[in-house]
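> The amino acid sequence is not available; the structure is as follows:
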């Protein structure tokens, strides 16, 4: 139950779950839309160096030997960008 001022509003678990599912679905759609076209390296904040243990070679988006599904141009296997998604 959520209280707003003197009013009491009741939010069902089903409604709260529905909102959560919609938000996750929207986030996934945005990410998929970005995947449809390649971005400039600067837009993806691409760098030629890894971010800790995260690097292109272990990313789902990396396309050997030196390309990416999302980022234009030549990609280093040791690089990294904000679109990094670890291989499952």
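It's in. Fair warning: this is a prediction, and the values are worked out from it, not measured in the lab.
> quick one: contacts for residue 75?
46, 56, 62, 66, 67, 68 (C-beta atoms under 8 Å, 6 or more residues apart in numbering). All C-beta atoms are positioned from the backbone trio N, CA, C, and that covers glycine.
> And the pLDDT for it?
Looking at residue 75, its pLDDT is 97.
> For residue 13, see how far away it is.
Remark: distance between residue 75 and residue 13 (C-beta to C-beta, to the nearest Å) = 44 Å.
> again with residue 45
38 Å.
> which one of those two has more residues nearby?
It is residue 45, of residue 45 and residue 13, that has more neighbours when counted by other C-beta atoms under 10 Å, with 14 against 7.
> Quick check: that one vs residue 39, distance?
Counting by C-beta to C-beta, the gap from residue 45 to residue 39 is 10 Å.
> How is this protein divided into domains?
Here the domain parsing of the chain from automatic domain parsing is 1-36, 38-88.
> ok, how many other residues are close to the closest residue to residue 80 other than its chain neighbours?
Excluding its sequence neighbours, the residue lying closest to residue 80 (C-beta to C-beta, 6 or more residues apart in numbering) is residue 51, at 4.2 Å. Residue 51: 13 surrounding residues under other C-beta under 10 Å.
> Same question for residue 83.
20.
> Would you map the strands across the chain?
Shown for the chain, the strands assigned by DSSP state E span residues 2-4, 7-9, 62-63, 67-68.
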